[in-house]
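Participant: Give me coordinates for this.
(one chain, ligands or ions: 1)
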Amino acid sequence: MSVKENISSCIERIKRDKTNSFIEIFEKRALRKAEGIDSRLASGDRNLPLAGEPVAIKDNMVIKGEAAGCASRILEGFVSPYDAEVVTRLENAGAVIVGRTNMDEFAMGSSTETSAFGPTRNPVDMERVPGGSSGGSAAAVASGLVPYSLGSDTGGSIRQPASFCGICGMKPTYGVVSRYGLIAFASSLDQIGPFAKDMDGIEKIFNIIAGKDEKDETSREIEKLSGKKGKLVCGIPKEFSGSSPEVKEVFDKAVKKLSRDFEIIDVSLPSTEYAVSIYYIIAPSEASSNLSRFDGIRYGFRAESEDLIDGYFKTRGQGFGDEVKRRIMLGAFALSSGYYDAYYMKALKVRRLIKNEFDSAFQKADVIISPTSPRTAFKLGEITDPLSLYLQDVYTIPANMAGLPAVSIPCGKDPAGLPVGFQIMAPRARDIFLIETAKKFEAVFSNE
Ligand code: GLN
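Facilitator: All right, here's what the predicted structure looks like:
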C-alpha cells in the first residue's frame, strides 16, 4: 500500500470516530505530505525512520498554515505562521500529521471535559472520560485511529490519560523536547511527549522529537547513558498512599510480579504532600502571565465592543471558559503585591525541597514507582468540583515539580475492566534509561 493510500484510510477511520478525539483532520495537507513521502521513497530515500506513519498532535502545538486553538474559543480563526519544532522533526522523519486532537481548554483539566468542542469519550468505556488534558491524543491511540500521538504534560496530562485509556504515555525530562511552537500554559513545567500502545512506539517517537533546539533556551541534550549493572532498585514513596482499593490491588499485584526480578524498597518524599498545593500556585501564576497575550487584538477571537478597554473585558470574558478564568484569577492573585512572597515565593521554595528529596531518594533507588492515578477513569460529569479534579494529579505532579522524566504503562485492569496505569520516574536526563526500564516492566506485566 502506498503512503497516500494508508493515510487516506487512516483519515476515513478518523471520520467515523465516535469518541470526539479530533478537533480537525488536516486532510488536504496530510494527503499532500503523503504523496511527497511516496515520491521520496520511490527515489530511494532511506532516511525516513517514520516513513508514512500517521501521527496526531494535541491542539496546543502549531503547524504553519493550519489552525491551532488549545480547544478554546479565544483562538477562533487563528492560523499559525510557523511550525512547532516537534512538527518539523516528525515531518523530517517522514511522519504525516493527520490532525489536531481535543484537549481540556489550554490544557487545564484532567478529563477533557472543558474543551470548547465538547468532551472526548474513553474508547474503553464510552460513558467515561479519557482523562486529560491530552484526552483526545490518548483516545485516538487507544481506539486505533493512529499509532502515535503527541500530548503535553504540565502536571500529568500525558500520563493520566494514558493510564485511563490503557496505553503508554511519556513525559520526558523538562527541556529534553523543544517547547518551540507549544502554546504555553506554565512554561517552567510544560513538556511535550508521546503516546503509543507500547514502549517500542514511545521510544520510536521520543528518539525523533528529543534533543537540543536552539529556539528553546530551556532545551537540552538527552543523556545517552543507559543500563546499570546488578539488580535494579525500585523505590515506592510511602507518601503516595490514598489510591482507591481497586487501583491499590492492581498496583500491589504488579509490584509483586516485579519483585521476582527487581529489588523493591520504600523511599520517602515528605514534601510531595504539598505538591498539588504549590502546583496550583505556580501553574496558574505562569498561566496568568502567558495568557495575557490573548487580548482580542493579536490573536483569534474578538468580541463586539464599545472601546479598547471594553473590548479586553468582553473578548476575555466570552473567549475563555470558566476553568481558564479561574486559573487566571488564582494566578493574578498569587502574584499580586503583598501576596507574592506569601504564595509564589513560598511555593518555589517547596518546589526546591521536592527536587532535593527526589535527588536523595535516587541515591537509594534507580527508579521510583507508583500508580499513575489514584483511581481509574471516572464517568463523564461525575467529578464537577474543581478541587476533586485537582486532586486527581497527586501522583503525577511531583515529577513536573522536579523536572523528572516519567512514564505511565498499563499494569492490569480493575474488576470493572478499567485499565490501571503504572508510573515510573527516573532521575533528570535519564530518559533512555527510563525507556529501557519501562520496557522490562512492560514485559513482566504482559507476561501473564
Ligand atoms: N490536570 C492538571 C491541571 O489541570 C494538569 C494539566 C496538564 O498537565 N496540562 O492543571
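
Participant: how about the residues of the stretch 1-150 of the chain near the ligand?
Facilitator: By C-beta under 6 Å from any ligand atom, the residues of the stretch 1-150 of the chain that approach the ligand are 107, 108, 109, 110, 133. The C-beta positions use only the backbone N, C-alpha and C, and glycine is treated the same way.

Participant: can you put those residues in CSV and add neighbour count and secondary structure?
Facilitator: Shown next, in CSV, are these (neighbours: other C-beta atoms under 10 Å; DSSP: H, G, I helix; E, B strand; the rest coil):
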residue, neighbour count, secondary structure
107, 30, helix
108, 29, coil
109, 27, coil
110, 28, coil
133, 36, coil
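
Participant: Give me the average confidence score over the helix or strand hosting residue 401.
Facilitator: Counting by DSSP states H and E, the element that carries residue 401 is helix 397-402. The average pLDDT for helix 397-402 rounds to 98.

Participant: need the next SSE after it, C-terminal direction.
Facilitator: strand 406-413.

Participant: Tell me the buried residues in that following strand?
Facilitator: For strand 406-413, burial by neighbour count (16 or more other C-beta atoms under 10 Å) applies to 406, 407, 408, 409, 410, 411, 412.

Participant: Stretch 208-217 now?
Facilitator: Quick answer for stretch 208-217 (16+ other C-beta under 10 Å): 208, 209, 210, 211, 213, 216.

Participant: What is the nearest of the residues you listed to residue 259?
Facilitator: Distance to residue 259 across the buried residues of stretch 208-217 (C-beta to C-beta) is lowest for residue 210, with 31.3 Å.

Participant: Tell me what that closest one is bridged to.
Facilitator: Counting by DSSP bridges, residue 210 is bridged to residue 177.

Participant: ok, it - contacts?
Facilitator: By C-beta atoms under 8 Å, 6 or more residues apart in numbering, residue 210 lies in contact with 172, 176, 177, 222, 431.

Participant: now residue 204: how far from residue 55?
Facilitator: Look at residue 204 and residue 55: by C-beta to C-beta, to the nearest Å, they are 11 Å apart.

Participant: list residues touching both of the two?
Facilitator: residue 148.

Participant: Those two: which is more packed in?
Facilitator: In this comparison of residue 204 against residue 55, neighbours counted by other C-beta atoms under 10 Å, the higher total goes to residue 55 at 28 against 19.

Participant: Just the local confidence number for the residue nearest to the spatial centre of the chain, please.
Facilitator: Among the residues of the chain, the one closest to the centroid is residue 158, at 2.7 Å (C-alpha atoms, centre = their mean). pLDDT for residue 158: 98.

Participant: Residue 447 too?
Facilitator: Value for residue 447, per-residue pLDDT: 74.

Participant: Quick check: it vs residue 406, distance?
Facilitator: Look at residue 447 and residue 406: by C-beta to C-beta, they are 23 Å apart.

Participant: what ranges of the stretch 151-300 of the chain fall below the confidence cut-off?
Facilitator: Within the stretch 151-300 of the chain, the segments meeting pLDDT under 70 span 225-228.

Participant: Break down it into its helices, ranges please.
Facilitator: For the stretch 151-300 of the chain, the helices defined by DSSP state H, counting those that start in this stretch cover 159-165, 199-209, 245-258, 275-290.

Participant: so which of these gets nearest the ligand?
Facilitator: The ligand lies closest to helix 275-290 among those, at 5.6 Å (C-beta to the nearest ligand atom).
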